[in-house]
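*Asks:* Sharing a model prediction with you, sequence too.
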Amino acid sequence: MMEQIILVVWTLVKIVAIVLPLIVVVAYLTYAERRVIGFMQGRMGPNRVGIFGFKLWGLGQPFADTFKLLLKEIIFPANANKFLFLMAPVITLATAFAAWAVVPFSDGLVLADINAGLVYILAMTSLGVYGVIIAGWASNSKYAILGALRSAAQIVSYEIAMGFALVGVLIAAGSLNLTEIVHSQSGGLFSWFFIPLFPLFVIYFISGVAETNRAPFDVAEGESEIVAGFHVEYSGAAFALFFLGEYANMIMISALTAIMFMGGWYSPISGESWIAQPSILWFFVKTGFFLLLYLWFRATFPRYRYDQIMRLGWKIFIPITIAWIMVVAVLKVYHIGPWFS
Amino acid sequence: MLEYLMSAEFYQIMLFWVYSTILIGAALAVVTMRNSIYSALFLILCFFSAAALWLLLEAEFLALTLVLVYVGAVMVLFLFVIMMLDVKIKPKSGMSMYTKVGLFVALLMGIEMIMLLGKKLAHVLPQDDLVKHVKGHSNVKEVAETLYTQYVLPFELASVILLVAIVAAILLTLRKRKDYKHVDPETQVHVKAKDRMRVIKMDAEKGNYIGGDQ
C-alpha cells in the first residue's frame, strides 16, 4: 500500500513538473508570437511591460495579460447552457494537456511509456474537437455555432491526413511506442525519418497547423466573417483556458513533429563534444524551430478560403499520404534503399 | 482482511465497480434524458467507461481504439447531426409506446444474455480472478496476430464491404444543384493578374479642380 501511495504521489509530482513549465512556455509563446510577427512586419511588438520597474523588452507582458484575463468577469449569454458553457474550455484544456503524458522529452524521460503511445496521442487530439463543438452549441449564438461547425469539420478532415502520415511513421519505425520511434531514428542526421518520409513530414506539419486552427487555416475564428468563431461569447478566465489549450496543442504538434520525423532528442552533429550528445536540449531546439514556423506562417500567408481548405485536406493530402504509405511499406518489406536495408 | 483491503487487487476491483457503475448509469441516462444533446454526451461517457474497463483487462490498444473511433469520430458526427436537426426538448409524459416496446426488447435481450452466459458460455467466463499478463506483453501484437493471421480473410472482406458502403452512400447522396456555381480550383489557381484586370496608362490631367471655385 505504501508503495502505491508513493507511486501516486510521485506520478502527481511528475505531472506538475510537465504542466507548470508547459503553462510558462505557453505564456511566453504568446509573447514570442507578438514579438516575432512584429519584427517580421517591421513593428516593435509589446515592449513596455516590465517586471518590478525594469523594462526587459516587455517580458512582463504575458503576466499582465494573464492577470487581466483572470480578473475579468465571465459573461453568460442569454439562454446559454451554463454547465456545458463552462465545461467546454475545461475539455479543451484537459485533452490538450493529457496528450503530453506519453511525450518522451529525452531518453527515458517520459511520464507514461505505454506501448500504444501513438494511438493514445491520436485519441487525445481527436477529443479536442468536443471542446469546440460544445462551446459553439452551449453559447446559443449564431456566430459561435458557425465557427464550431467550421472548426469541427476542419479538425475531423485533417485528422485523417495526420493519421495516415503517422501510419507511415509507424511502418518505418515498426512500433507504436514513441520512445521506440525515436530510437529507430538513431545514427545521425541522415537516419531521421524526415528524409525517407519527406511528403508525410510536410503533410503532417501542415495538417497539424490546420488541426490547431492556426493561420492560414484559422477560418474557425475568421474575424472578418464570423467575429471570433466558437469562442466569441467567452470572456475572462474561460477564454484564457481556450487560449491555453490552443497554444498547448501548438507546442504538442511541434514536439510530435520533432519526435516522429526529426529524431527527437538526437543530435544532428556527430562527434565527441557535448553538443553532439543526444539530450533534451536538442528536443527543445527542434520543437522551438517548428513553433517558429507556426509564427512565420501566420506572419506570411493570407487566410485560406473554407472550400480550399477542405479541398487541400481531402483531395490532395489524403491521396498523397496513401500513396506514400504504399511506398514506405514496399521499401520496408523488401529492405530497399539506404534507410530500410 | 486489512491486508486485502490495502492490496493492489482490491484497488483494481474497486476501480472495476466504479467504472461499471458509471457505465450502467450513463447508459440509463442515454435513454432517459429528454434533451438529445445530453443523451449523446452520456453515450460518450459510456464509451469512456467501457474503455476504462478494457484498460483494466490490460487491453490498452483496444481501449484507445474505442476512444479514437467511437468518441473521436462517430460521436462527433452524431453530435453534429443532433445540433443541426434542432430537436425540441420533449415535455414530460407518461409511459409512451416507445418506452413499452423498449422495455419489452430490453427484457428479451436480458433473458437471452442470461441463458447464453448462464448455460452455454459459463465455462468461458473468468472466475473472479484478475487478468494479469506477463511484463512486456503487447496487446497491439496480440490483436494484430489474431486479426492478420487467423482471421485475415473475414477481416479484409469486412473492410471491403465497408468501403463499398461508403462509396455507395456518397454516390446516392451526391447531387448537383441547378444553380451550381462551382469553379474548378485548377483554373482559379492558375489565373494571372492580366486575365482579370487591365492596367491603363494615362498622363496626369491638367489641374482644373485644384484651388477652390471655378
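*Replies:* Right, received. Where do you want to start?
*Asks:* what's the spacing between B:V140 and A:F63?
*Replies:* Distance of B:V140 to A:F63, computed by CB to CB, to the nearest Å: 44 Å. Every C-beta, even on glycine, is put in place using the N, C-alpha and C of the backbone.
*Asks:* Those two: which has the busier surroundings?
*Replies:* B:V140 (20 against 13; other CB atoms under 10 Å in any protein chain shown).
*Asks:* does A:I121 really touch A:A101, like I thought?
*Replies:* No. Assessed by CB atoms under 8 Å, A:I121 is found out of contact with A:A101, at 9.3 Å.
*Asks:* Show me which of these two is the more surrounded one.
*Replies:* When A:I121 and A:A101 are compared for neighbours, A:I121 comes out ahead with 26 against 19, by other CB under 10 Å.
*Asks:* Now the more buried one. Nearest residue, chain neighbours left out?
*Replies:* Leaving aside its chain neighbours, A:I121 sits nearest to A:A99 (5.4 Å; criterion: CB to CB, 6 or more residues apart in numbering or on different chains).
*Asks:* So for stretch B:18-30, what gets flagged as buried?
*Replies:* Across stretch B:18-30, burial judged by 16 or more other CB atoms under 10 Å in any protein chain shown covers B:Y19, B:I22, B:L23, B:A26, B:A27, B:A29, B:V30.
*Asks:* pLDDT averaged over it, what's the number?
*Replies:* Average pLDDT, stretch B:18-30: 91.
*Asks:* Give me the contact list for it.
*Replies:* Contacts of stretch B:18-30 with the rest of the structure, by CB atoms under 8 Å, 6 or more residues apart in numbering or on different chains, involve B:Y38, B:S39, B:F42, B:L43, B:L45, B:C46, B:S49, B:A50, B:A52, B:L53, B:L56.
*Asks:* what do you get for stretch A:94-105?
*Replies:* Contact with stretch A:94-105 is made by A:15, A:18-19, A:22, A:110-114, A:117, A:120-121, A:124-125, A:127-128, A:130-131, A:178-179, A:182, A:244-246, A:248-249, A:252, A:255-256, A:259, A:264-265, A:280, A:283, as judged by CB under 8 Å, 6+ apart.
*Asks:* Got a ChimeraX select line for the buried ones in the residues you listed?
*Replies:* Burial among these is assessed by 16+ other CB under 10 Å; the matching ChimeraX selection reads:
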select /A:22,110,111,114,117,120,121,124,125,127,128,130,131,178,179,182,244,245,246,248,249,252,255,256,259,264,265,283
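*Asks:* Now the stretch 201-341 of chain A against chain B: closest residue?
*Replies:* Per CB to the nearest CB, A:R311 is where the stretch 201-341 of chain A lies closest to chain B, at 5.9 Å.
*Asks:* Got the confidence number for that residue?
*Replies:* On pLDDT, A:R311 comes in at 86.
*Asks:* Just list the residues touching the closest residue to chain A within chain B, thanks.
*Replies:* Closest residue of chain B to chain A, CB to the nearest CB: B:G72 (2.9 Å). Residues in contact with B:G72 (CB under 8 Å, 6+ apart) are A:L122, A:A123, A:S126, A:L127, A:V129, A:E159.
*Asks:* The last one falls within a strand, correct?
*Replies:* Right, A:E159. No. If the criterion is DSSP: H, G, I helix; E, B strand; the rest coil, then A:E159 is helix and not within a strand.
*Asks:* Spatially nearest residue to it, not counting backbone neighbours?
*Replies:* Closest residue to A:E159 apart from its sequence neighbours, by CB to CB, 6+ apart: A:S126 at 5.8 Å.
*Asks:* Contact partners for the one you found?
*Replies:* A:E159, B:V67, B:L68, B:V71, B:G72, B:A73 are the contacts of A:S126 under CB under 8 Å, 6+ apart.
*Asks:* Tell me the backbone dihedrals of the last one, please.
*Replies:* To tie it back to what came earlier, the one meant is B:A73. In terms of degrees, to the nearest 10, the main-chain angles of B:A73 are phi -120, psi -60.
*Asks:* since we're on it, how many residues are nearby?
*Replies:* Using other CB under 10 Å, B:A73 has 15 other residues around it.
*Asks:* Same check on the third one?
*Replies:* Here the neighbour count serves as a burial measure; for B:L68 (other CB under 10 Å) it reads 22.
*Asks:* Give me the pLDDT for it.
*Replies:* pLDDT, B:L68: 87.
*Asks:* isn't it right up against A:I121?
*Replies:* No. Judged on CB under 8 Å, B:L68 makes no contact with A:I121 at a distance of 9.8 Å.
*Asks:* as a whole number, average confidence for stretch A:215-232?
*Replies:* Mean predicted lDDT for stretch A:215-232 stands at 76.
*Asks:* How about stretch B:181-199?
*Replies:* Averaging pLDDT along stretch B:181-199 yields 82.
*Asks:* residue ranges of the helices in the chain, please?
*Replies:* Chain wasn't specified; assuming chain A. Applying DSSP state H to chain A gives helices spanning A:2-40, A:61-71, A:82-98, A:117-138, A:142-173, A:178-183, A:198-211, A:223-226, A:236-261, A:280-300, A:306-311, A:318-333, A:337-340.
*Asks:* right idea, wrong chain: chain B
*Replies:* Secondary structure of chain B, counting by DSSP H: helices at B:2-5, B:8-32, B:36-56, B:60-66, B:75-85, B:97-115, B:139-145, B:152-173, B:185-189, B:193-196.
*Asks:* Please identify the most buried of these.
*Replies:* Most buried of the helices of chain B, by mean neighbour count (mean count of other CB atoms under 10 Å in any protein chain shown): helix B:60-66, with a mean of 22.
*Asks:* Please state the offset of that one from the chain centre?
*Replies:* Distance, stretch centre to chain centre, for helix B:60-66: 13 Å (CA atoms, centre = their mean, to the nearest Å).
*Asks:* what's that helix packed up against?
*Replies:* When contacts are defined as 3 or more CB pairs under 8 Å, 6 or more residues apart in numbering or on different chains; DSSP states H and E, helix B:60-66 packs onto helix A:117-138, helix B:36-56, helix B:139-145.
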